[in-house]
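Chemist: structural data only, the sequence is not supplied:
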């Protein structure tokens, strides 16, 4: 058995600065060894430990979709030691990726259902993975209607702007991009907080699941909206962010009741979360 | 070890001792090249952890130099530092760091000669102490 | 299954035999306490101890250990690629370990050694270590193993169980590894009948001296969230100073941290013990800390041991009743008291 | 200055600049020219005690630190031109003439030191070991001829026994025409004695021969006391002669206190020489048409201490009269205030606004470091292997560009550097060259022109601290250069662009205290157009001045105070708060909000600066039977009688003044400075009223400093009798049958003298008014005696360490009215430097707290000399510390003292210093 | 001792029922011999759990920082000094506190007594004025109390609380002529090499659990320097250099603040004599700056101020 703590060596293929404040950069990695790429078989919703020798590891949701081959992508917010260091790295640098880790959005269950994706700020990464996955020609037919509510504080802070624009052009996905406020007269999308926009767009709860990721305050105010729209707790899915180290359910850090968020999560339904101590 | 030369880290106050070092240069005073200067705004800026860190990085000696009492550019930074260093030096020595490795001085920006004199003295004394043996951080001694 | 009898005169020689095969560890008296240490000579071992001050968990999960090494040198083609740090996995015998401590390793196995994920260092060390236990003839007043699904003569976590029957030791293998170990010992006797008889008496006396002081069943039966929200934590947490001594002394506390250290051009990835008692344990980079309050951390530790673990694995509590935390806690938080509160007090409406 | 034409507000000054023969813009200060120069002459800066070359810098602190050629001794050999790689030598340099249009002129030409050569009994001209105090200053100086080693000129031996002879060229009309006291010599002699003892390796003995020990400045008396404790011997005697004995030693003959002649041998004799206005000064005054007084100082009066006889020309410093540094600095600011009053209408009209460069936002960019290695001609390149350093730098992390230059500081390199920075997308720069102390601003300028934040810069000092000091060891010097470059790179990679924050200024002033000092400060600011809130505790303006009679020059003080008060009361820019006190103060420099309580509703006012002029008061003693007899009075009580022209004064036949009542005592150790002069002046007044009266002054040291000495001499001429007493043997004042009897021990007669005076005047101490509340409101310190403590005793005598708060008058220390006025005007001038602007900028290099890590322990709040840290009062972080960038000076004291690691320092943060340590 | 308990209960009851305080912090009877547990009583009924004896070694000042309620707290000499420290360092307000001063004759050293028992377990322990009577199976031992005091208690010169609102016992005579620094001087007399070795041996068993730090009332930083990440300059493993760095700087952070309450040593699970670091500082602070921590609520700790004549012989 491969040492689960040993990262796969990867090369940074490209670094894209996503946001105006330059705090978010998307790293595209290619595996140094072909067999590692094959071993790294993932499903949207999973995360991986990005491993920078000399600095440490950080758990980051996988932003690419398994339908995209030849690379994996992560969008990293500059907060701590490892992410700050990564922001100063350059294309061609070698580092490590360990994973995939954790569970994923329940795609089997979601099959045939309408999907409402609600995201805020920089927690949009695994949602991007999910959207790309669902929109893949081989997958699109497996799902019903897809609605996306995605908000950021201002236009400059939206992730994946080019893709968002491309999705906007499509008719097989309902895009509802919004910002809290903007002084850009050419802004053509919504202005308003995510909960309000969700309420306004009122995606049907009929045969639907909602996947919601974002800052706690957004989640707090969006959940009542979803309930009002008729989504029961077992059909609202969220992903937790906890401090993690090992990522494989051993080191004990992300323990939450009987669960290890890194291994048994990070994806939980609202129903499942209600059975767990609220220490997240 | 015959050609061993000590490595000394010097923390110099920008307003005085660093200027004295500059002036010593202007006057072409010669002293051995054993120390590396880190310029700080005031000796009051020097956190004891800098000195520990210097030792941990294998410095054979540490030299801190600032303004004479009463001459602090920031009024009294050096006087607070004086207290801190008194205790720090004592505790380091108490726990086994040789006194010859730790040096403190007051040198004004005009005292180039004193700077060069003290520089030579510091280097000489650290040489007497020999290569640093303790407090050096190496690869962690763990399982 | 095999069994032998080793007289006390003979014992040092037996230890010597084991030492000639490989590394042997045993309790050694160090000033005021006993601690497990590698034996330099057979006489170093001192089996007249009650329990070691710290648990012997660092046999398998050392406080600090190097996981990987790597080079950061600019011109190194292997730059930034992690390499497993070399380890010594040669056979080692731990002599005189208490049944409770050995039982603890079994509980810990659930964490380190699962179907899907195996902690390589733990697994390999476990594999290469032979645990020769010593039954507790006279447990301490702080011991409560009998309440925690184990006991002073519990052989379940051991490869060999030795019982001190007065003039000698009865050693009985529990596993195949243990059997091989015993078989390799030369010049020993078979177990005399009176020794076997004595053994039974000793076991009975030891177990009875403790009795069953705690009933864990009500804890298992209660709902997690009920216990979680119980006001008992308000009382329990007050005196705690979050020092983490309990977790460091505990044989079933396994939480760890991973750190990188760099010296010049080379670096190590290290892991080291951590503690759920420390506020930084759960501190998230965003500044959010889900267990920022002392009460949350105190609750986490006891809940994890006595509720979450048994619920997750159906395997009894993650506590073997060794009593180390009871003795070591500088403010006298007593897990027996906490367990009693958990099993009785519950003011939540059902 | 060749001439000055025109009038106040519109002068034309013709200036002549002598040629320097070395272009200061090209000179790098490397000193190669001086090394090769074949000629030398004595160094004037070191008082002729050593020599210098024809290419020279007069002293090491010169700004700019560039060389010049002395044409008097240059032989034109051309060597310096040859070695100067910067091509700075210009043999054909010519004088430059400039016409300058100015509105006012300030004379700050200073004074010359008395030359004691003619003093034949002291044999200065003949004996090498008889030197002046100025020469001794150079000897003690680290940058002096003996590098600070205590030696005497004759044989360079360390003197074991040194004498100072006071009043050489002062208080003397026999050997010279300098009747005045130079005011500074007592203090500097004590200082020299104490420092010489510190420098000595063999416990040097020091003796100071003096007439009166005049330590009347703030904290001077304590220094005097300490010197005594440290074994400096004080001998009250005027030395008769100095003669050579033995091998360079000197025999001093003097009369001791009992009048016995004594001989004593010293190794070195120092003449404490005074000031005098020299020929140049007198000629300048004549050219300008400025009147001088009888002592050849610029003539001024007590109420306009910096105004000369010609309007628009002001004077400060020793040209105005003998004085020490603090007083000179105060007068300098006072002259600036007077001058800006004259010119306030045209403020900013000549100012040029510096264009603010646009700045590239580099946030989020990976560091791209450019390294520029300077050869400095051969100064660095001749020792350090530059190509090796350059190639080494290339291998270091984040370095994207490296080059070396002949002179990185040269104009053409600067242009190129800016271009390279832009082309290469460099976002951080390291220059390995000379010292940041001289060159950092220049390179930062280049950073700005390359649109980079100037704080993204670091220097590696590979010249002054490497090539120059290790010229014999090129290998090691090169290694050191590489290390220094590596350290600089490791730091610069972590630097972030810093913002120089801007803060608006409330262009209004508050003056606390309505005495003369407060009124003068208020008036100066109000006259310049700034609204002033003047807060006075009592019901009327004027303070102590109302209770005084006249200045030592005979000017009427109450009348002056009255006219000043009238002006203030009717001044449109002054809002007066009588019977008022400050209740609360919020804010800081530029933005104070103060609550004034004046009986009714408290009033909130906003102001940008505060001047504290809370004044002082007369000490009322319990000794000397004060209050027990109507004939025992204080100075103010006597002044009152003078002012009222009390007829009974005529009947006083016998008057006694007792000095140092409540001053220079163990529980109030300071000297109250003005009482000696006051007593002499009152004694003269009594003599004027009744020339037949017997007037006695019982004193410890007569401290009629400066030109005040003249009235002391006048009093003695007029028969006032001065009897010295000692602290151990104080005069006795007894009441016998309704009469006052004073007994004092006369040291000359060696017996007690009894008097039955009609009047006993007690020269009592001056006390500060209550200062605790203001001290807390404005976070400014107060000393043990209750006087406010200025930021720096000498260099910043009216500032506080806390920005935006100033001080003047008796709240600072006892002083005469002319000094109070000068200080008040100085405070106004300093305040105006803030009030003149709409906003103030703060350095980017300031401390900041991470409140999450703050433990509220308060160490930062308690130690910061500038009161920059404070506790957050409300909100989530209440109780944690924050740092006001407007007050922070970036010293880092709080940063290093914070155990919790909650404080960072921009530009010198822990991570940056650790990175340098890491990379040593 | 019984008298103290009664007076503590009486005062606590009174203060709680008069609503003078919201809580009372004291001790309750421990679950094992020679241990009591710090206890927070909120109601007059809970007050009956409060006790006092020679096992109240825990420094209750540790429980005060960041509390916002009104607290009555039982304080020995050392606790009271740490309370003073807390007041000076803004960890608690004087107005919040009602200090029940407990003049103290020293607390018992559990470790030394247990060593004396050699594994025998007491069933009853009785403290008289100067003796400890221990009984149990095969056990009937009378120990002299003064010989089994915590080391810091044996050399304590501030047994009486320095600040209090009520006393729960009569003031005791302060120990005079105790030699507080014999151990420090012994080390001072060693060669540098021996000193190094001495401290290396001293901390060789450290497991970096930080109990010493967490038990110390003066260690209340939200983030300890060992956990700093900007940059992380001390390793967290049991590497000897890192371990020493921790102990060294922890002690240094207590310079001029340590009251020698002994909490660090009491709590160390492996019995390290960590006071060997702090005592040197305490001695120096006293000798160089004539300062004792936690005596004067109007005075900042020794490193927070300076005097013109501070020693500087070590500076060239």
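Modeler: Okay, I see it. These figures come from a predicted structure and were not determined experimentally.

Chemist: next structured bit after the helix or strand residue D:821 falls within?
Modeler: Using DSSP states H and E, residue D:821 sits within helix D:817-835. Following helix D:817-835 in sequence order, the next helix or strand is strand D:839-841 (DSSP H and E).

Chemist: and the gap between residue C:252 and residue E:236?
Modeler: 22 Å (CB to CB, to the nearest Å). For the C-beta atoms, the positions are set from N, CA and C on the backbone; glycine is no exception.

Chemist: in the helix holding residue D:821, what's buried?
Modeler: Judged by neighbour count using 16 or more other CB atoms under 10 Å in any protein chain shown, the buried positions of helix D:817-835 are D:817-832, D:834-835.

Chemist: the stretch 51-200 of chain A: helices as residue ranges?
Modeler: Applying DSSP state H, counting those that start in this stretch to the stretch 51-200 of chain A gives helices spanning A:81-87, A:107-110, A:125-135, A:161-169, A:194-201.

Chemist: out of those helices, nearest to chain E?
Modeler: helix A:81-87 (5.1 Å; CB to the nearest CB).

Chemist: which helices and strands sit right next to that closest one?
Modeler: Judged by 3 or more CB pairs under 8 Å, 6 or more residues apart in numbering or on different chains; DSSP states H and E, helix A:81-87 is in contact with strand A:24-31, strand A:47-52, strand A:56-61, strand A:72-77.

Chemist: okay, those in a markdown table with mean neighbour count next?
Modeler: Shown next, in a markdown table, are these (neighbours: other CB atoms under 10 Å in any protein chain shown):
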| stretch | mean neighbour count |
| --- | --- |
| strand A:24-31 | 21 |
| strand A:47-52 | 26 |
| strand A:56-61 | 24 |
| strand A:72-77 | 23 |
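
Chemist: between the ones you listed, which one is nearest to residue D:16?
Modeler: Ranking these by proximity to residue D:16 (CB to CB) places strand A:24-31 first, at 63.3 Å.

Chemist: so can I have CSV of the helices and strands packed on helix A:81-87 showing mean pLDDT and distance to chain C?
Modeler: Output for those, formatted as CSV (pLDDT from 0 to 100; distance: least, CB to the nearest CB, whole Å):
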stretch, mean pLDDT, distance to chain C
strand A:24-31, 97, 12
strand A:47-52, 97, 7
strand A:56-61, 95, 5
strand A:72-77, 96, 8
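
Chemist: returning to what we had before: average pLDDT for the helix holding residue D:821?
Modeler: The pLDDT scores in helix D:817-835 average 96.

Chemist: what residue in the stretch 1-150 of chain E comes nearest to chain D?
Modeler: Minimum separation of the stretch 1-150 of chain E from chain D (CB to the nearest CB) falls at residue E:89, amounting to 4.2 Å.

Chemist: distance of that residue relative to residue B:83?
Modeler: For residue E:89, the distance to residue B:83 - CB to CB - is 17 Å.

Chemist: please say which of those two ends up with more neighbours.
Modeler: Neighbours per residue, other CB atoms under 10 Å in any protein chain shown: of residue E:89 and residue B:83, the larger number sits with residue B:83, 24 against 21.

Chemist: out of everything not next to it in sequence, what's closest to residue D:346?
Modeler: Counting by CB to CB, 6 or more residues apart in numbering or on different chains, the nearest residue to residue D:346 once its immediate chain neighbours are dropped is residue D:103, at 6.8 Å.
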